[in-house]
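Participant: Coordinates only, no sequence provided:
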């Protein structure tokens, strides 16, 4: 089997791949080469005849994963061992997509494979944070305690996603209504006025001509082609961004500094970083490995690159707060709390405090974004509809004056 590893080779950051029968064998082989391994994960070779692990793409929601974790934690606290607990979860499961995953977990655990290694085979469902906290629970013998930490982390993640969805729901509905109203007016109402103006033979104002041309465009075959071209254009732009790290970094940096939206994005990222670090460090995961897991849990490429630099600095013996501050990508509040934690020896406590702080800031940012966006969209909708009405009724008033 092939494993991907990251670690320290002669006090320098290094990474690569190694083949071994088991993970422990891979770590031992690397140790013999003078490499200190910080993270190592199994790489499954793609098979041509059989699609690799379609189960990882199963439709399992965050809420279902949370419920699974809660039930598992409750059963373990009640005194059940992991196998009977999973068997009960399998019997209670209502999602067909979850059934083969639980079956595979049971087969592997009965074969002597630790739960954390079983979960690693489903990275799309159980992320690095989940797996490493399970691993910490296995080592400490307090699996139920660490399941509580996972539950807390999942609940916070679901809360953040729910807050974003609720903030965007009203503007999206308003936008759909706006497009529908304007579309109906342009496709069905404006042509009626066009016939009236054509029979009257009057000189039309410039605004009326614009609206009539827009109506003709929307009713022609060109409109669907145009909108399809716009859709393809944005898909191509997205592909270009994803394939070009330099452009993606600039875009991600812009997202964090853009007016209104920037604070929303930044607060959500900082809250996630602090929350994950808190759970991992409390679970006994070393700081370098914890930063690697955090990096893989953040989608913002600019922050990922900065965390890579921070990790290398810590390899060299520098303080976390000092390295974070030097990147200039992390707010002073985060760096300040971490510095206090390092000085007092209460880093985990300070990380927990700053996680709560940024969660509250994120909630405030969502409210501010929602309150700002709603009136702007209402005003824009009013201006567009008002412009169409004025453009259509002005010639009618002129006709009345002429008569």
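Facilitator: That came in fine, so what should we check first? The structure displayed is predicted, hence computed values, not measured ones.

Participant: remind me which residues of this protein are low pLDDT?
Facilitator: Scanning the chain with the threshold set as pLDDT under 70 gives 8, 10-13, 21-22, 24-25, 28, 32, 44-58, 400-403.

Participant: and it, what are its domains?
Facilitator: Per automatic domain parsing, the domain ranges recorded for the chain read 2-43, 60-126, 157-403.

Participant: Ok, which of those domains comes nearest residue 133?
Facilitator: domain 157-403 (5.1 Å; C-beta to C-beta). C-beta here means a position set from N, CA and C on the backbone, and glycine is covered the same way.

Participant: Surely residue 125 and residue 64 touch.
Facilitator: No: using C-beta atoms under 8 Å, residue 125 is not in contact with residue 64, being 9.7 Å away.

Participant: Over to the residue most central in space within the chain: give its phi and psi.
Facilitator: For the chain, the residue whose C-alpha lies nearest the mean C-alpha position (C-alpha atoms, centre = their mean) is residue 299; its distance is 6.2 Å. Dihedral angles of residue 299 (phi, psi; degrees, to the nearest 10) stand at phi -90, psi -10.

Participant: same thing with residue 300?
Facilitator: Backbone torsions for residue 300, taken as degrees, to the nearest 10, come to phi -80, psi 110.

Participant: separation between it and residue 362?
Facilitator: 15 Å (C-beta to C-beta, to the nearest Å).

Participant: same deal with residue 389?
Facilitator: Following C-beta to C-beta, the distance that separates residue 389 from residue 362 is 40 Å.

Participant: Between the two, point out the one with more neighbours.
Facilitator: When neighbours are counted by other C-beta atoms under 10 Å, residue 389 and residue 362 differ, and residue 362 comes out ahead with 24 against 13.

Participant: roughly how far apart are that one and residue 252?
Facilitator: For residue 362, the distance to residue 252 (C-beta to C-beta) stands at 18 Å.

Participant: How about residue 105?
Facilitator: 36 Å.

Participant: do the same with residue 162
Facilitator: Relative to residue 252, and taking C-beta to C-beta, residue 162 is found at 23 Å.

Participant: Now for residue 5, how many residues are close by?
Facilitator: 20.

Participant: Just confirm it contacts residue 23, I think it does.
Facilitator: No: the pair residue 5 / residue 23 is not scored as a contact, 9.7 Å apart, by C-beta under 8 Å.

Participant: what is in contact with the two at once?
Facilitator: residue 40 (C-beta atoms under 8 Å, 6 or more residues apart in numbering).

Participant: Surely residue 181 touches residue 382?
Facilitator: No: using C-beta under 8 Å as the test, residue 181 is too far from residue 382 to be in contact (11.0 Å).

Participant: more neighbours, the two?
Facilitator: Legend: neighbour count by other C-beta under 10 Å for residue 181 and residue 382, higher for residue 181 (14 against 11).

Participant: For that one, give me the backbone phi and psi.
Facilitator: Per degrees, to the nearest 10, the backbone of residue 181 is at phi -60, psi -50.

Participant: which stretches of the stretch 1-150 of the chain form strands?
Facilitator: Listed in chain order, the strands of the stretch 1-150 of the chain (DSSP state E, counting those that start in this stretch) span 2-9, 12-19, 35-43.

Participant: by contact count, what packs against the second one?
Facilitator: Secondary structure elements in contact with strand 12-19, counted by 3 or more C-beta pairs under 8 Å, 6 or more residues apart in numbering; DSSP states H and E, are strand 2-9, helix 23-32, helix 301-315.

Participant: Ok, which of the ones you listed comes nearest residue 395?
Facilitator: Minimum separation from residue 395 across the helices and strands packed on strand 12-19 (C-beta to C-beta) falls at helix 301-315, 53.3 Å.

Participant: Centre of the chain to the closest one, how far?
Facilitator: 19 Å (C-alpha atoms, centre = their mean, to the nearest Å).

Participant: Okay, residue 372 and residue 363: tell me how far apart.
Facilitator: Residue 372 is 15 Å from residue 363, by C-beta to C-beta.

Participant: more neighbours, those two?
Facilitator: Comparing residue 372 with residue 363 by other C-beta under 10 Å, the one with more neighbours is residue 363, at 16 against 12.

Participant: How about residue 336: what's its closest non-neighbour residue?
Facilitator: Nearest non-adjacent residue to residue 336, counting by C-beta to C-beta, 6 or more residues apart in numbering: residue 321, 7.6 Å away.

Participant: List the buried residues of the one helix or strand that neighbour maps to.
Facilitator: Residue 321 is located in helix 320-327, with elements delineated by DSSP states H and E. Residues 320-321, 323-325, 327 are the ones in helix 320-327 that count as buried (16 or more other C-beta atoms under 10 Å).

Participant: Can you show me the helices along the stretch 101-250 of the chain?
Facilitator: 115-120, 128-140, 143-184, 190-200, 206-219, 222-243, 245-257 (DSSP state H, counting those that start in this stretch).

Participant: Could you say which of the ones you listed is packed most deeply?
Facilitator: Mean neighbour count (mean count of other C-beta atoms under 10 Å) peaks for helix 128-140 among the helices of the stretch 101-250 of the chain, with a mean of 22.
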